[in-house]
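In: Based on what follows, work out the 3D shape:
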Amino acid sequence: MSEQGTIEALHHEIGRLIVHDEAFLELPWTSLALVATMRDETTVQLHGYAYLEDGKTEAVTPRASTVAQRFVELHHAARERDPRPWKAALVQIWRSSAKVSFFFEYDDAARWKVTPLNYQTMREELRPK
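Out: Model prediction:
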């Protein structure tokens, strides 16, 4: 499989794993946002939000370690195509359309980092629109 084919397959697999993860199965979500921040070449930190039907937002991350493993694989595959690695990735998923979008940050690993000072604005910034 070509590098581009591998990257596209990993995008699809990551989206599928997120949607079917047990952390999200019981939630009445309309959209999801998940941030993957590379800590080093083999470790990724995940955090995200489920945007619920009632308008509430719940901080939640996948329970399966497979999601994090696939992000590491995606990072390695992307580096084969472009030696400048991304530092963070944002995945947004819309339930009604099954649309999955990926965005990558190459300069600022903390671009989508949630802190006690920014958590309210960040959960809205990450919300799929």
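In: For the host helix or strand of T37, name the packing helices and strands.
Out: For T37, the element it lies in under DSSP states H and E is strand 29-38. Counting contacts by 3 or more C-beta pairs under 8 Å, 6 or more residues apart in numbering; DSSP states H and E, strand 29-38 is packed against helix 3-19, strand 44-52, helix 65-81, strand 88-94. Every residue, glycine included, has its C-beta placed from N, CA and C.
In: Note down every partner strand of that strand and its orientation.
Out: As defined by DSSP bridges, the strand partners of strand 29-38 come to strand 44-52 (antiparallel), strand 88-94 (antiparallel).
In: will you turn those strands into JSON lines that also has mean neighbour count and mean pLDDT?
Out: Converted to JSON lines, the strands paired with strand 29-38 look like this (neighbours: other C-beta atoms under 10 Å; pLDDT from 0 to 100):
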{"stretch": "strand 44-52", "mean neighbour count": "20", "mean pLDDT": "97"}
{"stretch": "strand 88-94", "mean neighbour count": "21", "mean pLDDT": "98"}
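In: Compare these and report which one is nearest to L74.
Out: Nearest to L74 among the strands paired with strand 29-38 is strand 88-94 (7.4 Å), distances taken as C-beta to C-beta.
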